[in-house]
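Student: Let me see the structure of the following:
(chains A and B)
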Amino acid sequence: IAGITQAPTSQILAAGRRMTLRCTQDMRHNAMYWYRQDLGLGLRLIHYSNTAGTTGKGEVPDGYSVSRANTDDFPLTLASAVPSQTSVYFCASSWTSGSSDTQYFGPGTRLTVL
Amino acid sequence: GQNIDQPTEMTATEGAIVQINCTYQTSGFNGLFWYQQHAGEAPTFLSYNVLDGLEEKGRFSSFLSRSKGYSYLLLKELQMKDSASYLCAVRDSDYKLSFGAGTTVTVRA
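Tutor: Take a look at the predicted model:
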């Protein structure tokens, strides 16, 4: 069982380029999330999806878009990358039916925008 | 939204006890989680509280007071492998998590 996978592991990107970060889970969780983690700021929610076909905005959605065509995949796209999007990006998934349902995190993608 | 505060850093000696406090101001509280994150790795789940009181899981315990907007994570019998960041997270009614900035715990020999 892989859990959650993310690709790429790391990427250096020129400003203005388009980039898609991939996330796939095999736990059949209904909900998926994208966070960015910056030093001193903790994890901040970018976008989320409570079920396939629906998405919602988190705390810091500007400059990012997502889609949820099926249960397993939740790609995050940067349409035109800027240096302030340099960060570590974590994808997570969970059930949202039980009170103790926790989020499981992927290994992260380290993105540098120059 | 949520406003979550926890100390930035704590240092303790191997075998000792450390308590990491977390205070929060929330709209729509639906549970509080603690995660552990080693440097360069993903966060992993440690504990969950939704009702007031203490939850114990081996060397780790977590406490919640909803009326005070307060939680703590207690790490007992500290080991070197416990050196990590500990993240306090509050869940809202839509199952979204808001995280504190994290507390870096350093365990000294």
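Student: Retrieve the pLDDT associated with residue A:113.
Tutor: For residue A:113, the pLDDT comes out at 98.
Student: list the contacts for it?
Tutor: A:13, A:14, A:15, A:81, A:82, A:83, A:84, A:85, A:86 (Cβ atoms under 8 Å, 6 or more residues apart in numbering or on different chains). (Each C-beta comes from the backbone N, C-alpha and C, glycine too.)
Student: partner residues bridging it?
Tutor: residue A:13 (DSSP bridges).
Student: Residue A:73 is in contact with residue A:24, isn't it?
Tutor: Yes: the pair residue A:73 / residue A:24 is scored as a contact, 5.3 Å apart, by Cβ atoms under 8 Å.
Student: and the two? which has more neighbours close in?
Tutor: residue A:24 (19 against 14; other Cβ atoms under 10 Å in any protein chain shown).
Student: Assign a three-state SS to the more buried one, would you?
Tutor: State at residue A:24, reduced to three classes by DSSP: H, G, I helix; E, B strand; the rest coil: strand.
Student: tell me the phi and psi of residue A:84?
Tutor: Here is the backbone geometry of residue A:84 (degrees, to the nearest 10): phi -70, psi -10.
Student: which residues does it contact?
Tutor: So residue A:84 contacts residue A:113 (Cβ under 8 Å, 6+ apart).
Student: For it, report the pLDDT, please.
Tutor: Residue A:84 is assigned 97 on the pLDDT scale.
Student: What distance do you get for it to residue A:18?
Tutor: When distance is defined by Cβ to Cβ, to the nearest Å, residue A:84 is 16 Å away from residue A:18.
Student: surely residue B:73 meets residue B:61?
Tutor: Yes: in this structure, residue B:73 is within contact of residue B:61 by Cβ under 8 Å, at 7.5 Å.
Student: Find the residues that touch each one of these two.
Tutor: Shared contacts of residue B:73 and residue B:61, counting by Cβ under 8 Å, 6+ apart, come down to residue B:47.
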